[in-house]
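K.L.:
sequence plus the predicted model coming up.
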Protein chains: 4
Amino acid sequence: MGITIELFCQKAREEALINVAIWGATGYTGVELFRILTNHPEVKIRFVFSHTYSGESLSVIYPYLERFEPIALTNEEEFNRIRDKDFDVAFLALPAGVSAERTNLLIHSGKKVIDIGSDFRLKNLNDYKKWYNFEHMYPDLVSEAVYGIPELNRSEIKSARIVANPGCYPTSFLLGVAPILKNDLLEGNWLYVDSKSGTSGAGKKSSVDMSFSEMFENIRPYNVGKHRHIPEMEQEAGIMAKRLVKVAFTPQLAPISRGILTTIYAHLKEKVSVEDLYSMYGEFYKDSYFVRVLPVGSFPATKGVRGSNFCDIGLAIEDEVAIITTAIDNLVKGAGGQAVQNMNIMFGLKENLGLDIVPLYP
Amino acid sequence: MGITIELFCQKAREEALINVAIWGATGYTGVELFRILTNHPEVKIRFVFSHTYSGESLSVIYPYLERFEPIALTNEEEFNRIRDKDFDVAFLALPAGVSAERTNLLIHSGKKVIDIGSDFRLKNLNDYKKWYNFEHMYPDLVSEAVYGIPELNRSEIKSARIVANPGCYPTSFLLGVAPILKNDLLEGNWLYVDSKSGTSGAGKKSSVDMSFSEMFENIRPYNVGKHRHIPEMEQEAGIMAKRLVKVAFTPQLAPISRGILTTIYAHLKEKVSVEDLYSMYGEFYKDSYFVRVLPVGSFPATKGVRGSNFCDIGLAIEDEVAIITTAIDNLVKGAGGQAVQNMNIMFGLKENLGLDIVPLYP
Amino acid sequence: MGITIELFCQKAREEALINVAIWGATGYTGVELFRILTNHPEVKIRFVFSHTYSGESLSVIYPYLERFEPIALTNEEEFNRIRDKDFDVAFLALPAGVSAERTNLLIHSGKKVIDIGSDFRLKNLNDYKKWYNFEHMYPDLVSEAVYGIPELNRSEIKSARIVANPGCYPTSFLLGVAPILKNDLLEGNWLYVDSKSGTSGAGKKSSVDMSFSEMFENIRPYNVGKHRHIPEMEQEAGIMAKRLVKVAFTPQLAPISRGILTTIYAHLKEKVSVEDLYSMYGEFYKDSYFVRVLPVGSFPATKGVRGSNFCDIGLAIEDEVAIITTAIDNLVKGAGGQAVQNMNIMFGLKENLGLDIVPLYP
Amino acid sequence: MGITIELFCQKAREEALINVAIWGATGYTGVELFRILTNHPEVKIRFVFSHTYSGESLSVIYPYLERFEPIALTNEEEFNRIRDKDFDVAFLALPAGVSAERTNLLIHSGKKVIDIGSDFRLKNLNDYKKWYNFEHMYPDLVSEAVYGIPELNRSEIKSARIVANPGCYPTSFLLGVAPILKNDLLEGNWLYVDSKSGTSGAGKKSSVDMSFSEMFENIRPYNVGKHRHIPEMEQEAGIMAKRLVKVAFTPQLAPISRGILTTIYAHLKEKVSVEDLYSMYGEFYKDSYFVRVLPVGSFPATKGVRGSNFCDIGLAIEDEVAIITTAIDNLVKGAGGQAVQNMNIMFGLKENLGLDIVPLYP
């Protein structure tokens, strides 16, 4: 934090309420978390673990971070030495299966854990085998973990030791459909969900498919009807609806780096005017700072939330079909930002503390 | 055509089968038509009419066309002088309402007309008032006009005097859903249709909303549930299904210049395997050069059809829901290319003559 | 600032050191200034003037700003009522000629002025007529105004009443070439300067040329050798070199929304090793937080400074020619961010207070 | 060519003048060559060799090529069997060093060779070791090979057995600067050359640096002053100037897939008016179909040449400095298109036969 903390907020920082450790800081989610926490007045980043880059500093890997962190990336082997002290909460941005193990150790050392990966999102243990291809060894922790969409789950998050930070697609879907499901308005079992995502959702990696030349002037579906986020979406939608909900889901890559635009088609039990739909959504989210239900006739745009933790929502009706569109930044509300929002709630802070970021526009 | 025609194909050109006139050549659709016809071995472009740029040459307005056309843009006032002779077919890329009038005169002068605009797409005259805000004065011509998707309507097009060239969104939708509707597989009345379009679909115009700064890193819906292409989609889908079909439609602008990717969610009457669905589509399109049903597990991409007249189709099944994805270039198969394909059929030529363009990749 | 200020920093805000007024807040520079100042712990935005949108709130014009400002845009007619009280410094983002008048009134009301426009950048009054097409009526204010690149002019800025905030291209050029000019290393009079700018530099406007369809997959020069920033660049380079310096300058638009990459070719008086060049630059900027001289072999990228106030610099040598590349965000270090940096200095605050923004990556 | 050749031009194709073989058809240059040759009325593609994909068809690797080629990729082992017969000219898109060997065999089998790689561009054999890191074993062939920019070298190309197809950057540079060098107008030895290239120039490959997330909203220099094209540029510029010419060169990657925009700063021996400069360029290129000297005040844009073989040129003067800007499509005039232009000349055809492609716009 070096020069950064020699600022107005320095005093607060030294007495920071929350000492933080990050695992997996060199992926896009990791550095986004770093960006957000660097700006958080009650956080001190104490440890940053990296398997690959142990010993180096973040700014060697990411020159754009020069000026922002003096601390070196820490070898995980030091973990045992430090896990009993020195920090309050761990953010995990780790591969499937690895999070679960790490969480088990951390919880037994008295730490809180926010898992940005997928190891605690699904309640049915078999689903980990089916969708993520590993055997989950910690059923008790799965039971205990709270699914972390604050707007839907605030009180459970408050007292949670483990928060399962939701996937990016599920966040954009669940916030869009919650008022309809909780008000029992869905006819039948199906929701049709069409998402367009920026390429950063695929992570920092080298592949021909994700190269600029290939993704330029390109929109393309992938894993249609087979994406790992489907069971997560159906599970949480089912909990809200208190019955079976099925999701026909098409994820698509679009030539933007950040952002998800999701369109949801919901056949309603009865005809509802668009004005009534807006009232219902407005009421549902009236205490949710980060959900902005747009004025009638406006629709969300990925650009309008870029770099911020907002989820913008627009609504339309065709006869008995509601069309709900939502926009989030996949790396913020869809990953690191929501994780910090969860942290704020777990530690009794204001939900938007350090997260009140103006979208970067244009 | 100047230097261009001093080529291999020159002899053929001088004896060209088809003499062509274009109205509205200075919009994006017009210059795309120009690009395609310039490469067509049986066409001679005789007249290019422009209200705004009469007397100038296309390459003054579009410097990238330097080398390609010696002929000047013609004032429409000359129309009366020339309409009785000298050309065989007119392509109209004109505003709503203007096409209809022009077509009436042309038909009475014995010309064939391909209307790339919307004045002959809808069979119900009231729809022109409702969706396009003008009173249609030529009901007989509306009755006579043939809706021009060759893959669905080839034989009527063959003998047509007026072809209503389809809208870009309807083309991407109807080709995607035709096998399901014609095989009477749709459960209920609804289809959920999610389209992402390049900005050229909005035409060549100046507006803050369509500026680069605003559209960059942006995907955004517009006219949700209210787009003018909805009645066209419902009319033609209804004709194929022989009953009422409703379309819940979300058009979206994406940061590409060319291309439409459309996803269609169709609830089927019975469970169908993905292999059977592929067989059905393969059979349905086996004689259609420009429809490419991709191999199982592949999905279409806008980049894969850029600059070409292809419509690529991919298929997936989730339980009883079929997810069909299609990609076209909105300016080619969605406008000028399909118009030329219709022309080929109307004049008894091979359907892909002059249209056999390799997509521009990457 | 509404919900925003109910935060950690609220106490500070109520006792904010600096009360601010903004003219022209609805252009891209205006909203960028708004974004930065909203995050500044010692600033309270008191008035936001808009000719066009008086009475409305910013978030009606820019929905992405919902949650961030309760204050309405103020009619300029109220100016006379308030100009004697209630704020300390005015940021002007106004058309050429308008700034000068407004500044004259403000200075006589005891306010400090930071002109983000061009009305005080040029010392030769005739240049306003020649390059900006207006007669400047305030020669005394022109004499008094300080050219505001803090890294080159810090002490004069400290005591200035009027700061002429530099143009975006000149900022990227002058920071790149200063060490060479101040060390008298330039051979001859010429510098060759090649800049690539994002489209936001052209402002928020509707024009076919700046539309997405036209700028997509496009890089194009404009105003080659004739850009208004040339006299500004030559003036300030000449001051540093203490002799005539000529600039051959090519501005180019690139398909990005933010960012300028500038390459400077400087023929040196003597051969210098690349290592020595790096030492010289490192030494020159050792106290400049916002200038990051990259490691040998690294070159700046517009993405590496996106949304931040940094100017990144890379260096190379071919025989006696130095090639200097710089990257800035045109709306931050090239406009609103540098303006706030100047404000911090004028009010005795730390230079990076409220400006310590992590670049938005990827 | 399957369905393709059942067209108007079929007869011509069967009696095609030129039978062609392509090595390395699966890279971007290879498929671009394929796109162009598919449209060429006097060419039949007989063999397509691929080390990696022997036995497969191109459309399996590139689904967008479905419909266009029935012939399978051929194993190089078959080379010996076929090299004595069945084709007239080989296009090589192979790695450095491999071309040279292959060329040696082909020449001895009586074939003509167009090397799109770099193995015959440099006349000084030591340069291959220094810049491309291999020992060149065929000095006689290097001596014999003709550097293939038709606008500068037409008559030598006509009788060549081996054409060294120029690099993309050198093409954009040499066409821009030729009139100045041939008219002996350059003062001193230096030219300052600033190029911005699309990502396809880097080839089809997987790397984090070239991923969409990293290249998006990014312009960045690389290999500044050290690019392999520098010796090629200096060699050919020196030949035209008949003396030493030095090039200070900055290649930059821009977020487009196709296109190079090059700006050249040339200090002239004497002041020249911009009109005289235009006359000189107009005269110089008056017989060159593919070089379009734009009207005074217009500047080239990468979009204006997309997919075509044109090189557009714009000119400006600041005192005694000429600023020349050129735009080409790096895969066409910068690679495959120029190769076909060379082939046309070698076989006595019209230079633009099969190459008269309208740029894809917008």
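P.N.:
Nice, I can see it. Residues are numbered from 1 along each chain as shown, chains lettered A, B, ... in the order given.
K.L.:
only C-alpha atoms from now on, for both contacts and neighbour counts.
P.N.:
Fine.
K.L.:
for chain D, what are the nearby residues on chain A?
P.N.:
By C-alpha under 8 Å from any C-alpha of the partner chain, the residues of chain A that approach chain D are A:199-200, A:204-213, A:215-216, A:255-257.
K.L.:
of those residues, buried ones?
P.N.:
A:199-200, A:204-206, A:208, A:210-213, A:215-216, A:255-257 (16 or more other C-alpha atoms under 10 Å in any protein chain shown).
K.L.:
contacts only, for whichever residue of the stretch 1-150 of chain A sits closest to chain D.
P.N.:
Residue nearest to chain D within the stretch 1-150 of chain A (C-alpha to the nearest C-alpha): residue A:28, separated by 9.7 Å. Going by C-alpha atoms under 8 Å, 6 or more residues apart in numbering or on different chains, residue A:28 touches A:200, A:203-204, A:331, C:362.
K.L.:
hmm, back to that, give me the subset of the buried ones among the residues of chain A next to chain D lying in helices.
P.N.:
A:212-213, A:215 (DSSP state H).
K.L.:
sketch out the strands for the stretch 51-200 of chain A, chain order is fine.
P.N.:
Per DSSP state E, counting those that start in this stretch, the stretch 51-200 of chain A carries strands over the ranges A:89-92, A:112-115, A:146-147, A:162-164, A:186-197.
K.L.:
nearest to chain B, out of those strands?
P.N.:
strand A:186-197 (6.9 Å).
K.L.:
the closest one near chain B anywhere?
P.N.:
Yes: for strand A:186-197 and chain B, the contact criterion (C-alpha under 8 Å from any C-alpha) is met by A:192, A:194.
K.L.:
quick one, that strand and strand B:190-197 angle?
P.N.:
Interaxial angle, strand A:186-197 versus strand B:190-197 (axes from the mean of the first three to the mean of the last three C-alpha atoms, to 10 degrees): 10 degrees.
K.L.:
buried set for the longest helix seen in chain A?
P.N.:
When chain A is parsed with DSSP H, its longest helix is helix A:168-182. Buried residues in helix A:168-182, counted by 16+ other C-alpha under 10 Å: A:168-181.
K.L.:
next, work out how far apart the residue of the stretch 1-150 of chain A closest to chain D and chain B are.
P.N.:
17 Å (C-alpha to the nearest C-alpha, to the nearest Å).
K.L.:
measure the residue lying closest to residue A:339 once chain neighbours are set aside to chain B for me?
P.N.:
On the basis of C-alpha to C-alpha, 6 or more residues apart in numbering or on different chains, the spatially nearest residue to residue A:339 that is not a chain neighbour turns out to be residue A:165, at 6.1 Å. Counting by C-alpha to the nearest C-alpha, the gap from residue A:165 to chain B is 25 Å.
K.L.:
so residue A:165 touches residue A:117, yeah?
P.N.:
Yes: contact status for residue A:165 versus residue A:117: in contact at 7.1 Å, counting by C-alpha atoms under 8 Å.
K.L.:
more crowded one of the two?
P.N.:
The neighbour count for residue A:165 versus residue A:117, taken as other C-alpha atoms under 10 Å in any protein chain shown, is higher for residue A:165 (31 against 23).
K.L.:
check what pLDDT residue A:61 gets.
P.N.:
At residue A:61, the predicted lDDT confidence score is 88.
K.L.:
how many residues are close by the closest residue to residue A:60 other than its chain neighbours?
P.N.:
Distances taken as C-alpha to C-alpha, 6+ apart put residue A:66 closest to residue A:60, at 7.9 Å, once the chain neighbours are dropped. For residue A:66, the count of nearby residues is 17 (other C-alpha under 10 Å).
K.L.:
residue A:66 and residue C:310: what is the separation?
P.N.:
10 Å (C-alpha to C-alpha, to the nearest Å).
K.L.:
with residue A:104 instead?
P.N.:
41 Å.
K.L.:
for residue A:39, same thing?
P.N.:
The gap separating residue A:39 from residue C:310 is 17 Å, by C-alpha to C-alpha.
K.L.:
look at those two and report which has more neighbours.
P.N.:
residue C:310 (28 against 22).
K.L.:
surely that one is in contact with residue C:334?
P.N.:
No: Residue C:310 is not in contact with residue C:334 according to C-alpha under 8 Å; the separation is 9.7 Å.
K.L.:
on the three-state scheme, whichever residue of the stretch 201-350 of chain A sits closest to chain C is what?
P.N.:
Taking C-alpha to the nearest C-alpha, chain C has its nearest neighbour within the stretch 201-350 of chain A at residue A:304, 4.8 Å off. Secondary structure state of residue A:304, per DSSP: H, G, I helix; E, B strand; the rest coil, is helix.
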